[in-house]
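A.B. asks: Using only what follows, build the 3D model:
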Amino acid sequence: MSKKSRKTRATKQQKSFLIFFTTFSQTDHAHQFARRIVQARLAACINVIPGITSHYTWNNQLRADAEILLIGKTTPKSFAKIKKQIREFHTYSVPELIGIRVADGAPDYLKWVAAHS
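C.D. replies: Purely as a prediction, here's the structure:
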């Protein structure tokens, strides 16, 4: 295989993964959502990170609230399904859900993500 073919294949593989972020106000909801998504094989892994503070404007008021951050690893196809799941599950009227394409990663880890999401 030529060097160009390997690079093209690697680039296509890397573009097919996402890191996503969401937040919850309650720890039990954060863990329930993480388990639900991983069990449904929509994400290979979700990190639940308690103890963050989010500063934002809501209804024209500056807010600062304790939240739990979730960071997940998935594929674009599964991310589309996660978007639907978060609307059905989340208690916020406008839940945060942001997906960022993965530019690079360990090949074995990316294979694992693909197999589990």
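A.B. asks: Could you use CA atoms for every contact and neighbour count after this?
C.D. replies: Noted.
A.B. asks: all strands for the protein, in order.
C.D. replies: In the chain, the strands defined using DSSP state E lie at 18-24, 45-58, 61-74, 98-101.
A.B. asks: which residues does residue 20 contact?
C.D. replies: Contacts for residue 20 (Cα atoms under 8 Å, 6 or more residues apart in numbering) come out as 70, 71, 72, 73, 74, 97, 98, 99, 100.
A.B. asks: Run a quick neighbour tally on the second one.
C.D. replies: Put plainly, it is residue 71. Neighbour count for residue 71, taken as other Cα atoms under 10 Å: 18.
A.B. asks: Surely it is in contact with residue 48?
C.D. replies: Yes. Between residue 71 and residue 48 there is a contact at 6.8 Å, judged by Cα atoms under 8 Å.
A.B. asks: hang on, the earlier thing: so which of the strands of the chain gets nearest residue 117?
C.D. replies: Taking Cα to Cα as the criterion, residue 117 comes closest to strand 61-74 out of those, the separation being 5.6 Å.
A.B. asks: Packing partners of that closest one?
C.D. replies: strand 18-24, helix 27-39, strand 45-58, helix 107-115 (3 or more Cα pairs under 8 Å, 6 or more residues apart in numbering; DSSP states H and E).
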